[in-house]
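In: could you work out the structure for the sequence below:
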Amino acid sequence: MRVPIAGGVRFAPPLRMRLFFLFLSCLFVGTGGYAEQHRPAGMPREVRARDEMPPSSVRLRRETAIPLQRCNRDSFAADLPVTNRYIQRLFNHITTANRSTFYGDLSPALFCVGVEKNLECPRAFADSQKRSFSIYTGLILLAQNDAQIATVMSHELAHITMRHTLCDGTIVQRDRRAVTERQCELEQLVKEQSELKERMFSNPPPPGAEDRMKQISRRIGATQEQIWDLMVAEVGAERAANWLEVEADEVGQELYRRAGFHEDEFTWRHEDLVLNPPILGQPALPSAQRSSTERRIAAHRACGFESGLAAREPQRGVARYASNCWTLWNLTINPARRHPRQTLAPQPDIFNLVGEPTLAEVKAEIRRIAGVDNTKGRCSVPAGRIE
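Out: You can find the predicted model right below:
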């Protein structure tokens, strides 16, 4: 059909075609409105395609009602600028690839990340309330590539996104309010105990301090027992004992995968601990002579797994950390957590990021500073932080 207009003739599409295009436009607006309505407050509108995909049922953040504190960088080693820059670059890479997790009160700009000098302690720690984490230099020296450092960072970031050091960061659902109330009470008791210990060393100590300390200790024990009973009743003894670290492993693995790092490197520390268990408190040595695939095969064989399949689930244990063989089974074999890589958008399997500073430059700086200041330090969990 042609409609005459000034200056020429315009083609008017049939009514059926016009109705079809009207339907498409309404559908587009409707789905956009739905997405906008269900976007969590503070989530950025532009999210990378890989981050929009729901590749697994793993929940990557837990909301909290606890007021958060501003972090500070005073504890980081100021004389290791290259190392701190390296850690910040890895942090930026992981959070950029996980924008749907790091927004609002978990925006990357609110985090403090860095390095602390301790050559004898290959560990890292996180503080959810301050949104900060630090890695000890001893752990960096053990790593062989960026992916292995990213493993540690993803685990610590998972502690923060899941609010593990906050009293309402719990897996309990049925008795969540009761557990939260007792955990908040426990947090206050531990804080009071710590402050009272400092005052007791003063000269003279405050009157009645010793009796008050005994009273607090009894209340702490009773509160811990109540929390334990509530958790065991819902999730069982094994999960109640080590759910924090297991959840940090599972969530951290998802953050790590979305950042594109090589799959086989995520379990490097657990594999090293299986193949070279620590002796008399000494840290496990890295399996430098093996590739990531060879290391995994050797560790699976040591745990009794056959051809990548376990005859049965290893014993998890009731310690704070699940056994290393159970952790390997859970992260690499557990059929309930199978995570085919093809569900993710096409991405490289990264061992090392392109750019500077490199891990080799970082290690050189740490060794150079260690020659001047050989800081060993204690290998214990700092107050208010979680490993």
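
In: D74 belongs to a helix?
Out: No: under DSSP: H, G, I helix; E, B strand; the rest coil, D74 sits outside any helix and is assigned coil.

In: which residues in the stretch 51-200 of the chain form strands?
Out: With DSSP state E, counting those that start in this stretch as the criterion, the stretch 51-200 of the chain has strands at 112-116, 124-127, 132-136.

In: just checking, C121 touches I135?
Out: No: here C121 lies out of contact with I135, judged by CB atoms under 8 Å, at a distance of 10.5 Å. C-beta coordinates here come from the backbone N, C-alpha and C atoms, glycine included.

In: who has more neighbours, those two?
Out: Legend: neighbour count by other CB atoms under 10 Å for C121 and I135, higher for I135 (25 against 17).

In: mind checking pLDDT for the closest residue to the more buried one other than its chain neighbours?
Out: Closest residue to I135 apart from its sequence neighbours, by CB to CB, 6 or more residues apart in numbering: A124 at 4.4 Å. Predicted confidence (pLDDT) at A124: the value is 93.

In: counting neighbours, what do you get for A124?
Out: For A124, the neighbour count with other CB under 10 Å is 21.

In: and it, how close does it get to A143?
Out: Distance of A124 to A143, given as CB to CB, to the nearest Å: 11 Å.

In: where do the helices sit along the stretch 251-387 of the chain?
Out: Counting by DSSP state H, counting those that start in this stretch, the stretch 251-387 of the chain has helices at residues 268-275, 292-302, 324-332, 359-372.

In: run the angle between the strand or helix carrying A241 and helix 268-275 for me.
Out: Using DSSP states H and E, A241 maps to helix 237-258. Helix 237-258 runs at 130 degrees relative to helix 268-275, counting by axes from the mean of the first three to the mean of the last three CA atoms, to 10 degrees.

In: just the buried residues of helix 237-258, please?
Out: By 16 or more other CB atoms under 10 Å, the buried positions in helix 237-258 come out as 238-258.

In: show me what it is packed against.
Out: Helix 237-258 is packed against helix 146-161, helix 209-235, helix 324-332, with contacts defined by 3 or more CB pairs under 8 Å, 6 or more residues apart in numbering; DSSP states H and E.

In: ok, and which of those has the densest surroundings?
Out: Stretch with highest mean neighbour count among the helices and strands packed on helix 237-258: helix 146-161 (a mean of 25; mean count of other CB atoms under 10 Å).

In: mind saving the C-alpha coords of the helix holding A241 as CSV?
Out: The C-alpha trace of helix 237-258 is given here as CSV (Å, rounded to 0.1, in the frame of the first residue of the first chain):
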residue,chain,number,x,y,z
ALA,A,237,28.2,-32.2,63.2
GLU,A,238,30.6,-32.3,60.3
ARG,A,239,29.1,-29.4,58.4
ALA,A,240,28.7,-27.4,61.6
ALA,A,241,32.4,-27.8,62.4
ASN,A,242,33.9,-26.7,59.1
TRP,A,243,31.2,-25.0,57.0
LEU,A,244,33.0,-21.6,57.0
GLU,A,245,36.1,-22.9,55.2
VAL,A,246,34.1,-25.2,52.9
GLU,A,247,31.7,-22.4,51.9
ALA,A,248,34.7,-20.1,51.3
ASP,A,249,36.3,-22.8,49.1
GLU,A,250,33.0,-23.3,47.1
VAL,A,251,32.2,-19.6,46.6
GLY,A,252,35.9,-18.8,46.0
GLN,A,253,36.1,-21.4,43.3
GLU,A,254,33.2,-19.7,41.5
LEU,A,255,34.8,-16.3,41.8
TYR,A,256,38.0,-17.8,40.5
ARG,A,257,36.4,-19.5,37.5
ARG,A,258,34.6,-16.4,36.4
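
In: what mean pLDDT does that helix have?
Out: Mean pLDDT, computed over helix 237-258, is 95.

In: could you list the low-pLDDT ranges of the stretch 201-350 of the chain?
Out: 279-289, 307-311, 338-348 (pLDDT under 70).

In: 50 - rerun?
Out: Residues of the stretch 201-350 of the chain meeting the criterion pLDDT under 50: 340-346.

In: ok, now how distant is the closest residue to I149 other than its chain neighbours from I171?
Out: Nearest non-adjacent residue to I149, counting by CB to CB, 6+ apart: A143, 5.1 Å away. Note on A143: its distance to I171, by CB to CB, is 30 Å.

In: quick one, what contacts the nearest residue to A233 once chain neighbours are set aside?
Out: Distance criterion CB to CB, 6+ apart; nearest residue to A233, sequence neighbours excluded, is D175 at 7.5 Å. Going by CB atoms under 8 Å, 6 or more residues apart in numbering, D175 touches 230, 233-234.

In: go on, E238?
Out: By CB under 8 Å, 6+ apart, the residues touching E238 are 316-318, 322.

In: buried subset of those residues?
Out: Buried by 16+ other CB under 10 Å: 316-317, 322, out of the contacts of E238.

In: wait, which of these is closest to I149?
Out: Proximity of the buried ones among the contacts of E238 to I149 (CB to CB) peaks at A322, which lies at 22.5 Å.

In: and the closest one, how far from T267?
Out: Computed as CB to CB, the A322 to T267 distance reads 13 Å.

In: with D175 instead?
Out: Applying CB to CB, the value for D175 to T267 is 33 Å.

In: could you do T101 as well?
Out: Going from T101 to T267 by CB to CB gives 21 Å.

In: which residues touch F102?
Out: Contacts for F102 (CB under 8 Å, 6+ apart) come out as 95, 108, 161.
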